[in-house]
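Asks: What follows is a protein structure lacking sequence information:
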């Protein structure tokens, strides 16, 4: 197992390097001069040159990359062009908020998605199956920002049950939980729907296997067959999906945060793109991509723990 | 059985096609169907709720939402097809080359694809928009680029399985050039999964492009881009909800249509799936389970 884990970890390194090169090139591929942007429209040529020198923009590209990556591993992404504060200072305060929302979203969506998937998978073509899968497809097809606005309209404006936007002082307070409900539902519905569809088809496949017939033939109760024999095996592809979906959720959080004025990393990305605040955009995108790669690595390892056949292939 | 016949018998595909017929009809016949131009303003009629005169209401500039949504179908479908086309063409070409030649070329191309896949789709699209700047065509390119690695991965896998077949070996023996083998013999044999992915990808492209537009980085006003329209309506949600909600319904119908059609195409191309004729019993669970 250790050898397998090490091999997987080593495989992730070139990907991480590639990701860092792409993120680094973001500034250099963009038309326009970052130094001029930073100096402002009325700056003298000497000032722009001084900024260029200070940022090291006159150095060859590979030296700039080396500086970028060696700073990045120390979590130093420089100062924001917009606020002049160290980029990591903003990310440190905002990132936990995004993570909190993503974790709540993935937790509820896995629980609900898998439950619906199991329900539908053991009753294929029943009314419940048809209704739940049709709803799942509708939810997958609806853009998340629109689902968020719809929730806001109904639960905040029409019924007045939940606050429309913003984040509470603390998640562990009644207000914090209330404010979390709509963003987490918005962010997680797509995942729950995908999860339900995947669990259903995985469940149907497993329920047709010989060992399930054997389990039934030896007189095991249906509940035992489904939960002890079928579900465990049906969960193998679902675990992979959880990892992939966590990345999707972190990306999707960019949009959900805009809908609910949630002070997370997504807001930083959008403000960064609008203001051409490259250090901020680079840091946020790199962070999300690295988390995505690491989560997928962990999923691969979990996958091999659940299904030992993978390690030996 | 002919794939088209199987597709026409597929219930989901039929519903999907119906949804898409509405959207394509709106896009093609927009000049006839839309009561007004997409930017015809009438400030005296601003923010009117849905009524007989304005079936879906009007926006803050007094423009008919019905007209803007109908005209918007053209933009959405343009984005959908161009973005998917970019991913399809570049991704398939890269996947074919990687799978066919193998070795270093394969490792290089697929390594790069793995790097692109390390970014969540919408984030990659945003990163590209950050480089290119906002705008309708830049969004298409951005969304297209985020689709490239998906097509490349699929096509590479399919190419790998086909390139060892005897009929490819025969072509080598006959002295056929690589480009001929790739385009005339490998591509036609792996077209099925590509079509399925492309159909499903159209929906994703529309959704991603709408997301980028919602963030204000897509098609710029006054173009009637659905994502942008939802974004403009969100500040009016409390009192004039129709401005932001109806364009979202249009996105939903379109993506729903493509997703259903994609499911149908997948089933129609998979001989293991039994598609019921009229009056038949519903599909066997085992047949459906086998395909996923």
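Replies: Done, it's in. Bear in mind the structure is a predicted one, so any value in this text is a computation, not a measurement.

Asks: excluding its backbone neighbours, what's nearest the closest residue to chain A within the stretch 101-250 of chain B?
Replies: Nearest residue of the stretch 101-250 of chain B to chain A, counting by Cβ to the nearest Cβ: residue B:120, 2.7 Å away. To be clear about C-beta, it is placed using only N, CA and C from the backbone, and glycine gets the same treatment. Of all residues not flanking residue B:120 in the chain, residue A:251 sits nearest, at 2.7 Å (Cβ to Cβ, 6 or more residues apart in numbering or on different chains).

Asks: What helix or strand is the closest residue to chain B within the stretch 51-200 of chain A located in?
Replies: Of all residues in the stretch 51-200 of chain A, residue A:146 sits closest to chain B, at 3.2 Å by Cβ to the nearest Cβ. Here residue A:146 is covered by helix A:144-151, with elements defined by DSSP states H and E.

Asks: Report the mean confidence score over that helix.
Replies: The average of the pLDDT scores along helix A:144-151 is 96.

Asks: pLDDT value on residue B:10, please?
Replies: 90.

Asks: residues contacting the closest residue to it other than its chain neighbours?
Replies: Of all residues not flanking residue B:10 in the chain, residue B:264 sits nearest, at 4.1 Å (Cβ to Cβ, 6+ apart). Going by Cβ atoms under 8 Å, 6 or more residues apart in numbering or on different chains, residue B:264 touches B:7, B:10, B:12-14, B:16.

Asks: Please apply the same query to residue A:242.
Replies: So residue A:242 contacts A:106, A:110, A:195, A:299 (Cβ under 8 Å, 6+ apart).

Asks: how about 10 Å then?
Replies: Each residue near residue A:242 by Cβ atoms under 10 Å, 6 or more residues apart in numbering or on different chains is listed here: A:106, A:109-110, A:113-114, A:191, A:195, A:198, A:235, A:295, A:299, A:302.

Asks: So which of those residues sit within helices?
Replies: When DSSP state H is applied, the contacts of residue A:242 are split such that A:106, A:109-110, A:113-114, A:191, A:195, A:198, A:235, A:295, A:299, A:302 fall in helices.

Asks: residues near the residue nearest to residue A:231 when sequence neighbours are not counted, how many?
Replies: Of all residues not flanking residue A:231 in the chain, residue A:118 sits nearest, at 6.5 Å (Cβ to Cβ, 6+ apart). When neighbours are counted by other Cβ atoms under 10 Å in any protein chain shown, residue A:118 registers 21.

Asks: Residue A:118 touches residue A:232, doesn't it?
Replies: No - with contact defined as Cβ atoms under 10 Å, residue A:118 does not reach residue A:232; the gap is 11.7 Å.

Asks: would you list every one of the helices in chain B?
Replies: Counting by DSSP H, the helices of chain B are B:3-9, B:11-28, B:30-33, B:65-101, B:103-117, B:121-132, B:136-163, B:166-173, B:178-180, B:191-214, B:226-233, B:242-269, B:285-290.

Asks: What helices and strands are in contact with the shortest one?
Replies: Counting contacts by 3 or more Cβ pairs under 10 Å, 6 or more residues apart in numbering or on different chains; DSSP states H and E, helix B:178-180 packs against helix B:65-101, helix B:166-173.

Asks: And the lowest mean pLDDT element among the helices and strands of chain B?
Replies: The least trusted helix or strand in chain B, going by mean pLDDT, DSSP states H and E, turns out to be helix B:285-290, with a mean of 41.

Asks: so what's the closest residue to chain B within the stretch 151-300 of chain A up against?
Replies: In the stretch 151-300 of chain A, the residue that lies nearest chain B is residue A:251 (2.7 Å; Cβ to the nearest Cβ). Counting by Cβ under 10 Å, 6+ apart, residue A:251 makes contact with A:102, A:266, A:269, A:285, A:288-289, A:292, B:119-126, B:208, B:211.

Asks: Kindly report the same for residue B:251.
Replies: A:141-143, A:145-146, B:69, B:72, B:76, B:203, B:206-207, B:209-211, B:214, B:226-227, B:229-230 are the contacts of residue B:251 under Cβ under 10 Å, 6+ apart.

Asks: Just give me how far the helix holding residue A:146 sits from the chain centre.
Replies: 18 Å (Cα atoms, centre = their mean, to the nearest Å).

Asks: Which secondary structure elements does it sit against?
Replies: Packed next to helix A:144-151, using 3+ Cβ pairs under 10 Å, 6+ apart, are helix A:174-207, helix A:231-260, helix B:191-214, helix B:226-233, helix B:242-269.

Asks: Packed most tightly, which of those would that be?
Replies: Of all these, helix B:226-233 carries the top mean neighbour count, a mean of 26, counting by mean count of other Cβ atoms under 10 Å in any protein chain shown.

Asks: how much distance is there from that helix to the middle of the chain?
Replies: 19 Å.

Asks: Is chain A within reach of that helix?
Replies: Yes - contact between helix B:226-233 and chain A, assessed by Cβ under 10 Å from any Cβ of the partner chain, occurs at B:226-227, B:230-231, B:233.

Asks: would you turn those residues into a markdown table with pLDDT?
Replies: Shown next, in a markdown table, are the residues of helix B:226-233 next to chain A (pLDDT from 0 to 100):
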| residue | pLDDT |
| --- | --- |
| B:226 | 96 |
| B:227 | 95 |
| B:230 | 96 |
| B:231 | 94 |
| B:233 | 94 |
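
Asks: mind giving me JSON lines with those and columns for distance to residue B:103?
Replies: Shown next, in JSON lines, are the residues of helix B:226-233 next to chain A (distance: Cβ to Cβ, whole Å):
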{"residue": "B:226", "distance to residue B:103": "45"}
{"residue": "B:227", "distance to residue B:103": "42"}
{"residue": "B:230", "distance to residue B:103": "48"}
{"residue": "B:231", "distance to residue B:103": "47"}
{"residue": "B:233", "distance to residue B:103": "53"}
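
Asks: All set, thanks.
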